[in-house]
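1. got a predicted structure here, sequence first:
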Amino acid sequence: MKNFTLPIRFGLVMSASLIAFFLFLALFNLHTNPLFSLGNGLITGFGIFETIRYHKLEKGKDFSYSSGFTVGIVSGFIATIIFTLFFLLYATEINKDFLLELLTVFERDYEVGIGLVVFVVAIMGFSTTVVLTLTGMQYFKNSGNIPKTKEKSDRDTNLKEVS
């Protein structure tokens, strides 16, 4: 359980940030505009980045790609699950007209219910988490291209021999 303390903590903070952003948009009746869902990606991306960064600081030399990927995925999935549950609660209990406002872009021919909308929100969150975790790990992974020892390279040795 100790291994999951950091991603749980960051997942809770990310979900609180996502909910606060959604409610802030709702104050100005902008929460039905899909363009603002890009803010969710920014919040999630920053949260995953910080989770992996803190994990790398904790692990130091023991940091591995798989452990960094795991903490990023877990924190993003926790944030997605909590935000999806909030979205379901908001759309069914708090603002019952929200779903109709959200779906005005679709013609009335489609039978789109709350289940499908919540499913799409969850899938978008999970896929965003996977993509942003993979992207973030490109920054944090240990590169095999840089020598880890301070020994002289072959280039330095050859330059001394030529001189």
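-> The structure has been received and is ready for your questions.
2. in this structure residue 118 contacts residue 88, no?
-> Yes: with contact defined as C-beta atoms under 8 Å, residue 118 and residue 88 form a contacting pair (5.0 Å). C-betas here are computed from N, CA, C, even on glycine.
3. which positions in stretch 117-135 come out as buried?
-> 117-118, 121-122, 125-126, 128-129, 132-133 (16 or more other C-beta atoms under 10 Å).
4. among these, which ones are in strands?
-> Of the buried residues of stretch 117-135, none are assigned to strands by DSSP state E.
5. what is the nearest of these to residue 22?
-> Using C-beta to C-beta, residue 121 comes nearest to residue 22 of the buried residues of stretch 117-135, at 10.5 Å.
6. give me every residue that touches residue 132.
-> 41, 44-45, 48-49, 72, 76 (C-beta atoms under 8 Å, 6 or more residues apart in numbering).
7. residue 20: neighbouring residues, count only.
-> By the criterion of other C-beta atoms under 10 Å, residue 20 has 11 neighbours.
8. tell me which helix or strand it sits in.
-> helix 5-27 (DSSP states H and E).
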